[in-house]
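**Student:** Sequence and predicted structure, then a few things I'm wondering about:
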Amino acid sequence: MVKPNQNSFMVHLKAVKSGKRCFENAFQSISRMILESDIEKVVVNGKTTYDFSIFRTGKKPVIGMYDEINSFVSYVKDASEGGSSKEMAFVLVGEPGNGKTFFVEFLCSKYRNFLADDKNRKYTFKFINVDKLGSYGKITTIESQTYEDPVVLAMNLYDTVDENKDYLGEKFGFSDDDIEKLYDNYRPLGACSGYIWNDIRGQFDGDINKMLEFVEIIPVPLTESLGTVTGKYPAKDKITSSAVDLLGEESIQRLLHITDTNNPYKFDLRRGALARVAGGGIHFSDEIYKNKKDLVQVYLGVIQNRSIEIDGYKWPIDTLIVATSNNSEFNKFLSEKEEAPIVDRCRICYVSHNTNYILQDELTQYAIGSGPRTTINRETLHQDPNLNYSASVAAVLSRLPRSEKLTPIETMKLSAGEVAGEKSIKTLAEVIDTLNQDPEIINRFGQKGLGQRNLGRSIQLLIESSETNEGKCMFAYDIFKALERVILDYVTETSDRTKYLEDLKSAKGLYRERIMTEMFNAYMDEPLAIRKDVMNYVNMIIGIDAENLGPDKMWKYKDPQSDDLRALKIDERFINSVEQGLGLKTAEQRETFRTTIRKIYGQKISVDPGYDFMDNLELVKAVTDVRLKSDIAGAGSLIGALANRTNEENQKLYDRMIETMLNKLNYCSTCAQKTIEYFCTQEDEN
């Protein structure tokens with residue numbers, strides 16, 4: 001028995017009918033790709049939103065960008081359901097270095113992987129043996145220039161819609177509903193495909209079976225470097241850019257073969273970027289408003305009509321158009337009123353910087369690099385365990401606008417979903433709503449600040465410095481000097497520069513707090529010593545009013561983290577010292593604070609049994625201070641003991657702490673010594 005040709009038109013249509021191959025437009029494919037992945041509900045800045053797992057997978061996933069991703073998914077879903085979005089382009093507008101291009105390239109990469117799966121693959125057709133038709137010279141095969149789907153050809157086999165529908169029903173068994181569904185995505189054949197098909201029809205007097213012998217089905221190539229399925233068009237300068245780059249042009253080589261000068265195949269559409277993604281692909285226009293006027297006008301036609309037009313010939317295209325632009329170019333474009341129709345055809349999405357310092361941890365790691373770093377002499381370069389935290393909080397603080405209701409640190413903590421004293425997430429949501437009413441986009445929440453590129457520059461400056469190379473370690477405190485250099489060199493506006501330098505001071509203060517905790521852990525010879533003491537304080541204030549508390553002040557409780565029964569001695573002196581450190585002087589203030597902690601405990605532990613209050617910086621600082629003072633009262637203070645190592649006891653303490661830092665806290669000898677040195681100074685005390 002002869003096996004049917006897998007590339008034949010009949011086999012393809014039967015595969016579509018049986019569901020082995022699919023026919024859908026670009027929006028439907030992308031929407032299905034996203035919505036088939038897991039979807040979670042998350043709370044971001046006090047508002048519930050959705051998180052789509054497809055953007056969180058892979059070696060370098062997208063970090064944050066919750067609102068932007070939700071906007072994009074909503075736009076694609078609306079377009080896939082036939083909404084007004086299908087006649088629009090999606091434009092990401094924002095400051096440089098906030099992940100716009102990264103997001104689009106990530107989406108394109110995921111889409112290519114999705115289409116590589118057999119059941120999702122895009123197909124097109126080519127005409128074979130066209131040299132037999134007489135007017136094509138030595139041209140033997142002609143591919144559909146815009147990678148039209150074979151089903152599009154199936155819907156245009158005959159001149160009338162009814163004949164086509166009857167043929168699909170009788171020949172392939174498509175039901176009326178199936179046919180209507182196919183026709184939802186109906187579009188005419190492109191100029192050259194339509195012309196060649198008419199040529200073939202004329203040769204065989206409309207005998208469909210003989211005509212289809214000239215058609216071969218082929219998969220659309222997915223090679224990234226060819227620019228098929230996903231293609232990028234970067235804005236070029238005014239001299240070298242032209243509409244040809246997008247639409248294509250007349251081909252001299254083809255004219256040497258084609259005798260009929262009316263044949264639209266004389267135009268080489270693949271010379272342009274649009275035709276290569278016209279078969280259900282993604283066209284990415286980088287910095288769209290940087291293009292010269294006439295090119296943006298070309299985009300207007302393409303976005304609105306979804307077709308390539310040259311000299312009156314039309315080639316319908318099926319493409320998602322995604323673009324990026326920075327704020328200044330976009331504002332310049334908006335100020336020219338005559339350009340309004342183009343902006344009107346764009347779904348603008350303002351991209352903010354990441355404002356969650358916990359998520360920034362991963363973005364900072366991207367800037368630091370994934371591979372092992374080395375010095376100029378190719379020796380291993382160590383990374384201070386506090387480097388990522390220091391760089392992350394400095395970058396995030398610069399992105400947070402000032403507010404009367406919240407301090408920068410409170411805003412930062414609430415943005416990361418942490419506790420900020422008495423202030424609630426509701427306050428942050430109100431602040432964001434107020435800021436987002438500002439017509440000046442740049443003043444909105446997270447729209448201005450040090451971007452990822454600036455962070456990358458500061459890491460470069462840190463690595464190239466002689467101190468880093470000499471000590472073979474990227475010491476965390478040095479990142480502040482590098483960031484200061486970047487602010488002075490790259491931030492042009494005086495008010496922004498002043499604000500960022502202020503934010504840098506706040507970041508140094510947070511680094512100081514962290515070092516206090518690290519020193520206590522090193523002193524106690526245990527990586528989580530301070531965490532235990534913070535939880536002891538929390539458990540003590542919960543157990544202090546317990547009914548089963550005996551005269552020995554021992555309280556038994558069930559640890560939610562391990563489900564073990566534990567005994568804890570309630571030390572009222574310790575509780576009072578911590579609360580004094582927090583500045584709580586009266587009994588009412590203390591009781592209010594305790595009630596707040598108990599409430600947080602009740603809310604958090606039910607959701608996250610591992611919650612440890614380490615995000616409550618004020619409490620951590622107070623507990624650290626109390627323990628440091630009480631544990632080393634004999635030597636005056638830990639700072640005094642470490643700074644004055646003239647006696648043997650102090651030297652032993654110093655050596656023991658260094659050893660703990662090296663063996664248990666991931667420090668190297670350089671950053672361990674420098675950290676202790678910094679701890680012993682009075683820098684950034686307040």
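**Tutor:** Sure thing, it's come through.
**Student:** element containing Tyr557, please.
**Tutor:** strand 554-558 (DSSP states H and E).
**Student:** next one: Asp612
**Tutor:** Per DSSP H and E, Asp612 falls between elements, in no helix or strand.
**Student:** repeat for Val620
**Tutor:** Here Val620, judged by DSSP H and E, is contained in helix 617-631.
**Student:** for that helix, packing partners?
**Tutor:** helix 494-523, helix 529-543, helix 572-581 (3 or more C-beta pairs under 8 Å, 6 or more residues apart in numbering; DSSP states H and E). For every residue, glycine as well, the C-beta is placed using N, CA and C.
**Student:** what about Val351, how many neighbours?
**Tutor:** 21 (other C-beta atoms under 10 Å).
**Student:** so it touches Gly94, yeah?
**Tutor:** Yes - the pair Val351 / Gly94 is scored as a contact, 3.4 Å apart, by C-beta atoms under 8 Å.
**Student:** hey, what's in contact with both of these two?
**Tutor:** Lys100 (C-beta atoms under 8 Å, 6 or more residues apart in numbering).
**Student:** thinking again about what came up before, ok, which of the helices and strands packed on helix 617-631 comes nearest Leu619?
**Tutor:** Nearest of these to Leu619, taken as C-beta to C-beta: helix 529-543 at 6.2 Å.
**Student:** buried sites along the closest one?
**Tutor:** 529-531, 533-543 (16 or more other C-beta atoms under 10 Å).
**Student:** quick one: contacts of stretch 497-513?
**Tutor:** Outside stretch 497-513, the residues that touch it by C-beta under 8 Å, 6+ apart are 386, 389-390, 393-394, 397-398, 400, 402, 408-409, 449-450, 476-477, 480, 483-484, 487-488, 491, 617, 620-621, 683-686.
**Student:** Three-state assignment for Tyr350, please.
**Tutor:** strand (DSSP: H, G, I helix; E, B strand; the rest coil).
**Student:** List the contacts of it.
**Tutor:** The contact partners of Tyr350, taken as C-beta under 8 Å, 6+ apart, are Val93, Gly94, Ile441, Arg444, Gln447.
**Student:** With neighbour count as extra columns, can I get the residues you listed in JSON lines?
**Tutor:** Output for those, formatted as JSON lines (neighbours: other C-beta atoms under 10 Å):
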{"residue": "Val93", "neighbour count": "22"}
{"residue": "Gly94", "neighbour count": "25"}
{"residue": "Ile441", "neighbour count": "18"}
{"residue": "Arg444", "neighbour count": "18"}
{"residue": "Gln447", "neighbour count": "23"}
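**Student:** Save those residues as CSV, and put in secondary structure too.
**Tutor:** Below are the contacts of Tyr350 laid out as CSV (three-state DSSP):
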residue, secondary structure
Val93, strand
Gly94, strand
Ile441, helix
Arg444, coil
Gln447, coil
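**Student:** Need the max-distance pair from those residues.
**Tutor:** The distance between the two most remote of the contacts of Tyr350 (C-beta to C-beta) is 11.6 Å, for Val93 and Arg444.
**Student:** any idea of the angle the helix holding Val620 forms with helix 529-543?
**Tutor:** Put simply, helix 617-631 runs at 100 degrees to helix 529-543, going by axes from the mean of the first three to the mean of the last three C-alpha atoms, to 10 degrees.
**Student:** Export stretch 156-175 to CSV, keeping only CA atoms.
**Tutor:** What follows is stretch 156-175, C-alpha atoms only, in CSV (Å, rounded to 0.1, in the frame of the first residue of the first chain):
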residue,chain,number,x,y,z
ASN,A,156,-9.6,30.4,-1.3
LEU,A,157,-9.6,27.4,-3.6
TYR,A,158,-12.6,28.6,-5.5
ASP,A,159,-13.7,32.1,-6.4
THR,A,160,-16.8,32.0,-4.1
VAL,A,161,-17.1,31.4,-0.4
ASP,A,162,-20.0,28.9,-0.8
GLU,A,163,-18.0,26.7,-3.2
ASN,A,164,-15.1,26.7,-0.7
LYS,A,165,-17.3,25.8,2.2
ASP,A,166,-19.0,23.0,0.3
TYR,A,167,-15.7,21.6,-0.8
LEU,A,168,-14.3,21.6,2.9
GLY,A,169,-17.5,19.9,4.1
GLU,A,170,-17.8,17.2,1.3
LYS,A,171,-14.1,16.4,0.9
PHE,A,172,-12.9,16.5,4.5
GLY,A,173,-16.0,16.1,6.6
PHE,A,174,-15.8,19.5,8.3
SER,A,175,-19.1,20.3,10.1
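**Student:** how about it: buried residues?
**Tutor:** So, applying 16+ other C-beta under 10 Å, buried residues of stretch 156-175: Asn156, Leu157, Asn164, Lys165, Tyr167, Leu168, Phe172, Phe174.
**Student:** can you put those residues in a markdown table and add pLDDT and distance to Leu133?
**Tutor:** Rendered in a markdown table, the data for these read as follows (pLDDT from 0 to 100; distance: C-beta to C-beta, whole Å):
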| residue | pLDDT | distance to Leu133 |
| --- | --- | --- |
| Asn156 | 89 | 18 |
| Leu157 | 88 | 18 |
| Asn164 | 87 | 23 |
| Lys165 | 89 | 28 |
| Tyr167 | 86 | 23 |
| Leu168 | 86 | 26 |
| Phe172 | 83 | 27 |
| Phe174 | 85 | 30 |
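**Student:** tell me the secondary structure for Gly449?
**Tutor:** Of the three states, Gly449 takes coil under three-state DSSP.
**Student:** now swap in Leu568 and tell me
**Tutor:** With three-state DSSP as the basis, Leu568 sits in strand.
**Student:** That one reaches Val538, doesn't it?
**Tutor:** No - the pair Leu568 / Val538 is not scored as a contact, 10.5 Å apart, by C-beta under 8 Å.
**Student:** Okay, the residue located most distally from the centre of the chain and Thr48: tell me how far apart.
**Tutor:** Residue farthest from the centre of the chain, counting by C-alpha atoms, centre = their mean, is Pro551 at 56.7 Å. Per C-beta to C-beta, to the nearest Å, Pro551 is found 49 Å from Thr48.
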